[in-house]
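[1] Attaching a predicted model along with its sequence, questions to come.
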Number of protein chains: 2
Amino acid sequence: MPAKKTLPGEFQLIERLVQGLPISSRTILGPGDDCAILAPAKRPQLFTIDSMIEDVHFRLAWTTPEKLGAKALSVNLSDIAAMGGTPTACVINLAIREGLATRFFDRLYAGIRAVAERYDTDVVGGNVTSADRLAITIALLGEASRTVMRRDLARAGDGIFVTGTVGDSAAGLAILSGKLKASGAARKFLIERHVNPTPRIAAGLALAKLRPTAAAIDISDGLLQDLGHILKRSSVGAEIDVAAIPLSPAYRAAMGDDLNLALSGGEDYELLFCARTRLSEEALTKALGVPVRRIGSIIAGSKILLRGVGARMPMRRGWDQLRTGS
Amino acid sequence: MPAKKTLPGEFQLIERLVQGLPISSRTILGPGDDCAILAPAKRPQLFTIDSMIEDVHFRLAWTTPEKLGAKALSVNLSDIAAMGGTPTACVINLAIREGLATRFFDRLYAGIRAVAERYDTDVVGGNVTSADRLAITIALLGEASRTVMRRDLARAGDGIFVTGTVGDSAAGLAILSGKLKASGAARKFLIERHVNPTPRIAAGLALAKLRPTAAAIDISDGLLQDLGHILKRSSVGAEIDVAAIPLSPAYRAAMGDDLNLALSGGEDYELLFCARTRLSEEALTKALGVPVRRIGSIIAGSKILLRGVGARMPMRRGWDQLRTGS
């Protein structure tokens, strides 16, 4: 017989965890009722959900409860950033297992709270349930900017840009799982990029002001895979200059010239965008508040052409070809 | 090393599942981008999240994929009903495990789709992830009525009412798990009440029109436990006439005079409400479109007094005393 849906300990836990969570005037009623009540939204709303499951998306030995909580919210915030919106309110479903102390959950929620406060996001409700694995599922609402950056807005001739550096998170994961060696500051940097990603909210808001409106996506599944999503929705192809892909010094220290993780490793939570703009990388970097690099152009067709790896290498659109070798 | 966050099969699955899901003009952009885009809400919004995890909240042997999908959405709809709102849009996080065929997920989503269509709810986005257990987590938005039924609105002198019958779902679960015997129509009815509950959306909307505004909650954790939530939030006590608690003929056939599951079994998803009204049970039944029974009164204090089980039996507020013996 399944366990009861809700156990006494779960009630006590949720009542404890919701103490002191950030709530703004946007929220009429926070946690504690059947639903939260939010003030009417004046602008179109963005709505997304994402989940982190123990031993699938994270291992407790590889992070801290605070960073785990922070990341669970950050990966959702990243989806709002990718559409150029402002996060407003979230609800959290927490699946708990035996063997985790109350202190663990206090620290997990401290991490959630810190990120929620930083990005002015109300935590308006939660649900705690028993499970055999810890899982944190967050649904997040945001307010759209005047225009929304959608995946279907890329047009031939657009430049393809990426914020920050890519591959760091996958390299950090490879280090944690013993598949890649790195030491000192490089090791620390790459692991931190994996366990504590930064959602590019401010960059997304700045980017949403570009005209014509850019197509954008956050890099959660890997550069080529996420580019593939834009290409498919926009019915276009892309030419990528592999030499232009932004790599961190730490990535280079650990991976050398191996671009595999930069091209197809996920969870960087940087923004990949396609825009018709005369702004230079420097001007975009200034406008977005984060380094921006142009890595290629949108072209007609449906393929991704990689320049700079020996000869031109035509690839099937998307990610599956590269991933076969990963 | 954890599995990659998103696997090729998951992409194909989510693209398949989102085909044909109900989308209204409220939704500017449905599944397929980083976030869904919803039209601005004119009224305050209700926001809730709930999860169903395999072998915690359900067993596949005890239900059908269609009913499982339907229930996963219905338990969320029930939270909207309890506040008297109209559901509008949901996002679904699906954790999948090995051993389930595409056909299973098609049927699961057919069940979600049927309930979404019936209650005019847009399914605007989804996320599929790997796990070792099937889990369906849904976050649901609704539009508030002119007044919202909150748990903190109960006042001494209010009548305490319940829709439908209680204990059926817990009896159905007890039958499925071999702890209770029943046969024929009673067995079928009780099991159906467990695996295929009905969210009381129309009743909640009608109830939200009562003045003064009722306090309400849906019975997900058990009658006394959920009543305890209202009492705590409203700082009042309650007197319950045990003989008035509405039981189905099937419950009586299976349980006889044993009220344990009616008092503390969960997942009925009926509405429990406290209202200062001169309307009779019959008038309320007509107004709400579902049988309504008065089971007691709100009193000063903080205790639940049960009348009709021998002498008056004072109980500590809430559920823990009863549950000790369950």
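    That came in fine, so what should we check first? This one's a predicted model, so the numbers in the text were calculated from it and none came from an experiment. Numbering: from 1, shown residues only, chains lettered A, B, ... in the order given.
[2] so does stretch A:174-185 get close to chain B?
    Yes: against chain B, stretch A:174-185 shows contacts by Cβ under 8 Å from any Cβ of the partner chain at A:174, A:176, A:177, A:178, A:179. Yep, even glycine has a C-beta here, placed from its N, CA and C like the rest.
[3] can you list the residues that contact that stretch?
    Outside stretch A:174-185, the residues within contact range by Cβ atoms under 8 Å, 6 or more residues apart in numbering or on different chains are A:59, A:62, A:171, A:187, A:190-191, A:194, A:250, A:253-255, A:261, B:1-2.
[4] Tell me the one of the residues you listed nearest residue B:299?
    residue A:59 (51.6 Å; Cβ to Cβ).
[5] Count the neighbours of that closest one for me.
    Look at residue A:59: counted by other Cβ atoms under 10 Å in any protein chain shown, it has 16 neighbours.
[6] go on, residue A:32?
    17.
[7] how many other residues sit next to residue A:19?
    Neighbourhood size, residue A:19 [other Cβ under 10 Å]: 10.
[8] Make sure it is indeed in a strand.
    No: going by DSSP: H, G, I helix; E, B strand; the rest coil, the assignment for residue A:19 is coil, not a strand.
[9] The residue nearest to residue A:244 when sequence neighbours are not counted: what secondary structure?
    Of all residues not flanking residue A:244 in the chain, residue A:295 sits nearest, at 4.6 Å (Cβ to Cβ, 6 or more residues apart in numbering or on different chains). Under the three-state scheme (three-state DSSP), residue A:295 adopts strand.
[10] show me the contacts for residue A:295.
    Contact partners of residue A:295, counting by Cβ under 8 Å, 6+ apart, are A:160, A:161, A:162, A:240, A:241, A:244, A:245, A:246.
[11] Pipe those residues into TSV and attach pLDDT, secondary structure and neighbour count per row.
    As requested, these are exported to TSV (pLDDT from 0 to 100; DSSP: H, G, I helix; E, B strand; the rest coil; neighbours: other Cβ atoms under 10 Å in any protein chain shown):
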residue	pLDDT	secondary structure	neighbour count
A:160	98	strand	26
A:161	98	strand	26
A:162	98	strand	25
A:240	97	strand	23
A:241	96	strand	16
A:244	96	helix	16
A:245	97	coil	20
A:246	98	coil	20
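[12] And the residues you listed, which is closest to residue A:284?
    The shortest approach to residue A:284 among the contacts of residue A:295 belongs to residue A:161, at 6.6 Å (Cβ to Cβ).
[13] who does that closest one bridge with?
    In this structure, residue A:161 bridges to residue A:273, residue A:294 when assessed by DSSP bridges.
[14] Isn't it up against residue A:292?
    Yes: using Cβ atoms under 8 Å, residue A:161 is in contact with residue A:292, at 5.4 Å.
[15] any common contacting residues for those two?
    Shared contacts of residue A:161 and residue A:292 (Cβ under 8 Å, 6+ apart): A:281, A:284.
[16] and residue A:262, what element?
    helix A:260-264 (DSSP states H and E).
[17] Contacts (any at all) between chain B and that helix?
    No: using Cβ under 8 Å from any Cβ, no contact is recorded between helix A:260-264 and chain B, whose separation bottoms out at 9.8 Å.
[18] cool, and stretch A:49-67?
    Yes: Stretch A:49-67 comes into contact with chain B (Cβ under 8 Å from any Cβ), by way of A:49, A:50, A:51, A:53, A:55, A:56, A:57, A:58, A:59.
[19] Next, the residue of the stretch 51-200 of chain A found nearest chain B: secondary structure please.
    When scored by Cβ to the nearest Cβ, the stretch 51-200 of chain A has residue A:139 as its residue closest to chain B, at 3.1 Å. Three-state call for residue A:139 (three-state DSSP): strand.
[20] and the residue nearest to residue A:90 when sequence neighbours are not counted, what are its bridge partners?
    Among residues not flanking residue A:90 along the chain, residue A:140 sits closest, at 4.4 Å (Cβ to Cβ, 6+ apart). Beta bridges link residue A:140 to residue A:48, residue A:90, judged by DSSP bridges.
[21] Check residue A:136 too.
    Bridge pairing for residue A:136 - DSSP bridges - gives residue A:52, residue A:94.
[22] How about the contacts made by the residue nearest to residue A:276 when sequence neighbours are not counted?
    Closest residue in space to residue A:276, ignoring its immediate chain neighbours: residue A:158 at 5.2 Å, by Cβ to Cβ, 6+ apart. Counting by Cβ under 8 Å, 6+ apart, residue A:158 touches A:214, A:215, A:274, A:275, A:276, A:297, A:298.
[23] got it, and residue A:83?
    By Cβ under 8 Å, 6+ apart, the contact list for residue A:83 reads A:46, A:142, A:144, A:148-150, A:204, A:208, A:216, B:33-35, B:37.
[24] can I get the residues you listed in TSV with pLDDT?
    TSV is the format used below for the contacts of residue A:83 (pLDDT from 0 to 100):
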residue	pLDDT
A:46	98
A:142	98
A:144	97
A:148	96
A:149	97
A:150	96
A:204	98
A:208	97
A:216	98
B:33	93
B:34	94
B:35	96
B:37	97
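[25] Filter those residues down to the ones in helices?
    Mapping these onto helices (DSSP state H) picks out residue A:204.
[26] And the contacts of residue A:83, which is closest to residue A:88?
    Lowest distance from residue A:88 to the contacts of residue A:83 (Cβ to Cβ) belongs to residue A:142, with 5.6 Å.
[27] how close does the closest one sit to residue A:123?
    From residue A:142 across to residue A:123, the span is 14 Å (Cβ to Cβ, to the nearest Å).
[28] Same drill for those two, tell me which one is more crowded.
    Between residue A:142 and residue A:123, residue A:142 has the larger neighbour count (other Cβ under 10 Å), namely 31 against 27.
[29] which residues does that one contact?
    With contact taken as Cβ under 8 Å, 6+ apart, residue A:142 is in contact with A:45, A:46, A:47, A:48, A:80, A:83, A:85, A:86, A:87, A:88, B:35.
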